[in-house]
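Trainee: Show me the folded form of this:
(one chain, ligands or ions: 1)
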Amino acid sequence: MRLRSFALCAVPAMMALASPASAQSGFAFPSCLASLSSGPGGQLNRLVPAEAKGPLARQVRGVVARALTWRPGQTVKVCFKSGSRGAHERVIRVAREWMQFANVVFDFHENGVPRQCRGGEDIKVDFVDNKGWWSAYGTISRQRDPSMNLQFFGVDTPRYTNGQPASELELRRIILHEFGHALGMMHEHQSPSAECDSEINWDAAYRMGTNLGWDKEMVHSQMRQLTNVEEFNMTAVDRKSIMHYSLAPELFKLGRNSKCWVPDNNDLSEQDRRFMASVYPRDGVPVASTPSTSSGGAGATRGAKPPVALVNDKEALIKQYEELLKQAGLAADKIAQLTREFRTNVFGQ
Ligand SMILES: [Zn+2]
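Mentor: Numbers count the residues shown, from 1 in each chain. The predicted structure is shown next:
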């Protein structure tokens, strides 16, 4: 999630690093394609300048956050740039699970078949091998082509490096995670309330980074707690979130005993579901979540929580942003520059 390259990576391969057994049976890809950018926190903080303090900063962040999510009820056109029909069907089947909770319509088809990209679609899925699992963040997807990459998944039967068919559970987990980013979700392990920075064995993390070709800055951008982005995450950290990395226990000072170590999360957590329902509400209608396929999770009910007021009009949002910067007392040229950046980054204008 970086406004500039805004790409985000996935998940499971980090585990494989410190775990030879899973490396043998996995895709043996070093990790999520993090190398595209400098981390969400930094980039978001650019749009939330230091001059905006306290409640005002919160308002600015809220505007930025809203601009990066789709409108509730919006039809989001998804297309495929490559991949087999079986690959498309898998992605469609899995990604649709989000629609049980988020009031967004992923539209995958044209004339009854999975849509090939022609230009102008919202989310553009590619399957370029060795280029990572990642997705652009929220509405930034419109400006990226491709906006999501699902390496190794472009065939009917994706296989691990040892030739064995990949587990459907793992494929599903990664697809759900990437579509979580496409809906605007950030990494849960970097939640402002995660409090994992002090749990991490940073020397081990840097060694891992070296293996991945990451410099220290990249390691930080992938693992350090984010600041000032609470609008993008649940308030309390959710260790069961599909957006939480399962990091190797060796990366923590306390190993598996660290509160920050979690096993693979294969499913949308209770909080994932509630969060999506709050970001993409169905006006006035309480949404009862249903258990998704692989676990019998208890249903969450969004209940009577009123939908947040959402500003859907692009220009109104830009105006609001500009106005808040004025209130923060920024110099005119800085306001103009940031507003331009906001407009360009967020709306592709
Ligand atoms: Zn990710």
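Trainee: what residue lies at the spatial centre of this structure?
Mentor: Nearest to the mean C-alpha position of the chain, by Cα atoms, centre = their mean, lies His181 at 2.2 Å.
Trainee: Gly255 contacts Pro249, correct?
Mentor: Yes - between Gly255 and Pro249 a contact is recorded at 4.3 Å, counting by Cβ atoms under 8 Å. From N, CA and C alone the C-beta is placed, and that goes for glycine too.
Trainee: related to what we said a few turns ago, for the residue nearest to the centre of the chain, which non-adjacent residue is spatially closest?
Mentor: Among residues not flanking His181 along the chain, Ser135 sits closest, at 4.0 Å (Cβ to Cβ, 6 or more residues apart in numbering).
Trainee: now the helices for this protein?
Mentor: 13-17, 20-25, 40-47, 54-67, 85-95, 168-182, 202-212, 216-223, 270-279, 314-327, 332-347 (DSSP state H).
Trainee: Dump those helices to CSV, plus distance to the ion and mean pLDDT.
Mentor: Conversion of the helices of the chain to CSV gives the following (distance: least, Cβ to the ion, whole Å; pLDDT from 0 to 100):
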stretch, distance to the ion, mean pLDDT
helix 13-17, 10, 33
helix 20-25, 18, 36
helix 40-47, 10, 55
helix 54-67, 17, 77
helix 85-95, 15, 98
helix 168-182, 5, 92
helix 202-212, 15, 86
helix 216-223, 9, 79
helix 270-279, 13, 88
helix 314-327, 26, 88
helix 332-347, 19, 84
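Trainee: Could you tell me how many residues sit around the residue nearest to Leu56 when sequence neighbours are not counted?
Mentor: Leaving out its chain neighbours, the residue that sits closest to Leu56 by Cβ to Cβ, 6+ apart is Ala328, at 5.5 Å. Neighbours of Ala328 under the rule other Cβ atoms under 10 Å: 19.
Trainee: Ala328 reaches Gly54, doesn't it?
Mentor: No - taking contacts as Cβ under 8 Å, Ala328 lies outside contact range of Gly54: 10.1 Å.
Trainee: what separates the residue nearest to Asp238 when sequence neighbours are not counted from Met185, distance-wise?
Mentor: Spatial nearest neighbour of Asp238, excluding adjacent residues (Cβ to Cβ, 6+ apart): Gln271 at 4.1 Å. Computed with Cβ to Cβ, to the nearest Å, the distance linking Gln271 and Met185 is 11 Å.
Trainee: Then Val91?
Mentor: Distance of Val91 to Met185, computed by Cβ to Cβ: 17 Å.
Trainee: And for Val76?
Mentor: Val76 is 14 Å from Met185, by Cβ to Cβ.
Trainee: Of those two, which one has the most company?
Mentor: Using other Cβ under 10 Å as the criterion, Val76 and Met185 rank with Met185 on top: 28 against 21.
Trainee: so what's that one scoring on pLDDT?
Mentor: Looking at Met185, its pLDDT reads 81.
Trainee: before we move on, what about Ser269?
Mentor: At Ser269, pLDDT is 90.
Trainee: which residues touch it?
Mentor: 238, 240-242, 297 (Cβ atoms under 8 Å, 6 or more residues apart in numbering).
Trainee: at 6 Å instead, please
Mentor: Residues near Ser269 by Cβ atoms under 6 Å, 6 or more residues apart in numbering: 238, 240-241.
Trainee: can you pick the most crowded of those residues?
Mentor: Neighbour max across these (other Cβ under 10 Å) = Ser241, 27 neighbours.
Trainee: Which one's more surrounded, Gly255 and Pro249?
Mentor: Pro249 (19 against 12).
Trainee: ok, now how distant is that one from the ion?
Mentor: Applying Cβ to the ion, to the nearest Å, the value for Pro249 to the ion is 20 Å.
Trainee: correct me, but that residue touches Arg256?
Mentor: Yes - contact criterion Cβ atoms under 6 Å: Pro249 and Arg256 qualify, at 4.5 Å.
Trainee: on that earlier part again, I'd like to know how many residues surround the residue nearest to His181.
Mentor: Ser135, neighbours per other Cβ under 10 Å, totals 31.
Trainee: So for it, what's the pLDDT?
Mentor: Taking Ser135 on its own, its pLDDT is 87.
Trainee: quick one, what contacts it?
Mentor: Counting by Cβ under 6 Å, 6+ apart, Ser135 has contacts 8, 148, 178, 181-182.
Trainee: got it, and Gly180?
Mentor: Gly180 neighbours (Cβ under 6 Å, 6+ apart): 242-243.
Trainee: Val60 contacts Val48, doesn't it?
Mentor: Yes - Val60 is within contact range of Val48, at 4.9 Å (criterion: Cβ under 6 Å).
Trainee: Return the set of buried residues in the longest strand belonging to the chain.
Mentor: Secondary structure of the chain read by DSSP state E shows that its longest strand is strand 75-80. Across strand 75-80, burial judged by 16 or more other Cβ atoms under 10 Å covers 76-80.
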